[in-house]
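Visitor: Need coordinates for the following:
(one chain, ligands or ions: 1)
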Amino acid sequence: MGSRLETCKESKHFKLKQVTEGVYAAISIGGTGSLSNAAIIDLGDETLVVDTFLSIEAGRDLQAAAVQLTGRPVSYVFNTHWHSDHTFGNQVFAPTAQIISTSQTREIMATVVKERVKQHLSEPAAIYQAIDEVREKMELETDDKLKKEREWEIGSDLAYMKTLPELELTLPAVTFEQQLTIHGSKRKVELISYGGGHTQSDAFAYLPEERIAVMGDLVLEGHHPVMRYANPQEWLQILDRVEALGVDTIVPGHGEVCTLEALHQVRHYLHDVTALVEQALQTGRSIEDIQVPEAYRGWYFTGDFPANLQRLYKLKST
Ligand SMILES: [Zn+2]
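Guide: The predicted structure follows:
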């Protein structure tokens, strides 16, 4: 089976990593239309794909990899949450696959996301202008890591703009609330939601025999957790319950395949940024003066740090 991975055609959007026999992580390559990670799971008689990337082109590469690695079309696609970098490749899989999410995730895609896509289609100039602004900042940036992050942002934004005219927002057809189990001939996968932490509704795929979890954006590795829509208290409770399952290996929403250590780091991060905002509120200091703590300075998604502070500030002061 290792040879299947070796002979699998390479994609510019992701690199494939075998997590265990029949379970593969598609790890995003920066600045491309993938933007997030995905996973391919061989159930024995059927194939499950977890998350579908941002661009249609990246989604097509993911589908091709799934077919090559498992020798059959994809039967199931699971969206961990509604964010575009986890769902906009859905349409590629629709002809052969049932698309699955929580009912709330589907509802948000059918309303909020649909409206947003419509708005983007009607005003593409605004997005191109935002991209130009990022490019200006990128050109002035003297820090190599921050410069690279800006470049990646531009690359992914342009990939999105290329996808937009072709996008057929493809909603999940099968929904669940807390848990849905897929019983394959070779392995069982539990799709589990403990509510919303990163978004209003987050779910993950758990392989109980192998103790592998494909976590969506509930766990990121080497990236700032994205808190724009977060409920940090709920998020921490979800992480506790995930840890209690006995997970060994994690495919994170962004970053490399990792262990529970990454989950612990997300927990520390949520505590640390919350404490920083509380301190600022108590001392009357502006959150704009808060620097990224030393421990997280090597992480990507640096632009999310101020956004995370703002989200917490809003939650704490209302
Ligand atoms: Zn997300």
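Visitor: Would you state the helices of the stretch 101-250 of the chain in chain order?
Guide: 103-108, 114-122, 124-140, 144-163, 232-244 (DSSP state H, counting those that start in this stretch).
Visitor: Need these in JSON lines (columns: distance to the ion, mean pLDDT and mean neighbour count).
Guide: Just so you know, the C-beta spots here come from the backbone N, C-alpha and C atoms, and that holds for glycine as well. Putting the helices of the stretch 101-250 of the chain into JSON lines (distance: least, C-beta to the ion, whole Å; pLDDT from 0 to 100; neighbours: other C-beta atoms under 10 Å) gives the following:
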{"stretch": "helix 103-108", "distance to the ion": "11", "mean pLDDT": "98", "mean neighbour count": "20"}
{"stretch": "helix 114-122", "distance to the ion": "14", "mean pLDDT": "97", "mean neighbour count": "12"}
{"stretch": "helix 124-140", "distance to the ion": "19", "mean pLDDT": "96", "mean neighbour count": "12"}
{"stretch": "helix 144-163", "distance to the ion": "13", "mean pLDDT": "97", "mean neighbour count": "17"}
{"stretch": "helix 232-244", "distance to the ion": "12", "mean pLDDT": "98", "mean neighbour count": "16"}
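Visitor: can you put those in JSON lines and add distance to Leu207?
Guide: Listed next are the helices of the stretch 101-250 of the chain as JSON lines, based on distance: least, C-beta to C-beta, whole Å:
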{"stretch": "helix 103-108", "distance to Leu207": "21"}
{"stretch": "helix 114-122", "distance to Leu207": "32"}
{"stretch": "helix 124-140", "distance to Leu207": "38"}
{"stretch": "helix 144-163", "distance to Leu207": "29"}
{"stretch": "helix 232-244", "distance to Leu207": "13"}
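Visitor: mind checking which of those is nearest Ser28?
Guide: helix 144-163 (9.1 Å; C-beta to C-beta).
Visitor: Up against the ion, what does the stretch 151-300 of the chain have?
Guide: Within reach of the ion by C-beta under 5 Å from the ion, the stretch 151-300 of the chain has these residues: Asp217.
Visitor: For the residue of the stretch 201-318 of the chain found nearest the ion, which residues are in contact?
Guide: Residue nearest to the ion within the stretch 201-318 of the chain: Asp217 (3.5 Å; C-beta to the ion). Remark: with contacts taken as C-beta atoms under 8 Å, 6 or more residues apart in numbering, Asp217 is in contact with 36, 80-81, 83, 86, 198-199, 202, 225-226, 253-254.
Visitor: which one is it nearest to, not counting chain neighbours?
Guide: Leaving aside its sequence neighbours, Asp217 sits nearest to Gly253 (C-beta to C-beta, 6 or more residues apart in numbering; 3.7 Å).
Visitor: In a strand, Ile100, correct?
Guide: Yes: assignment of Ile100 by DSSP: H, G, I helix; E, B strand; the rest coil places it within a strand.
Visitor: Wait, it touches Asn79, no?
Guide: Yes: counting by C-beta atoms under 8 Å, Ile100 does reach Asn79; the two are 7.1 Å apart.
Visitor: what is in contact with these two at once?
Guide: Pro172.
Visitor: Looking at the two, which is more packed in?
Guide: A direct count of neighbours by other C-beta atoms under 10 Å for Ile100 and Asn79 places Asn79 higher, at 27 against 23.
Visitor: Could you measure from the residue of the stretch 1-150 of the chain found nearest the ion over to Gly253?
Guide: Ranking the residues of the stretch 1-150 of the chain by distance to the ion (C-beta to the ion) places His83 first, at 3.6 Å. His83 is 9 Å from Gly253, where distance means C-beta to C-beta, to the nearest Å.
Visitor: And Ala26, by the same measure?
Guide: 12 Å.
Visitor: which residues do the two both contact?
Guide: Asn37.
Visitor: Near the ion, which residues of the stretch 1-150 of the chain? Just list them.
Guide: His83.
Visitor: Model confidence for the residue nearest to Asp217, exactly?
Guide: We note a pLDDT of 98 for Gly253 in this prediction.
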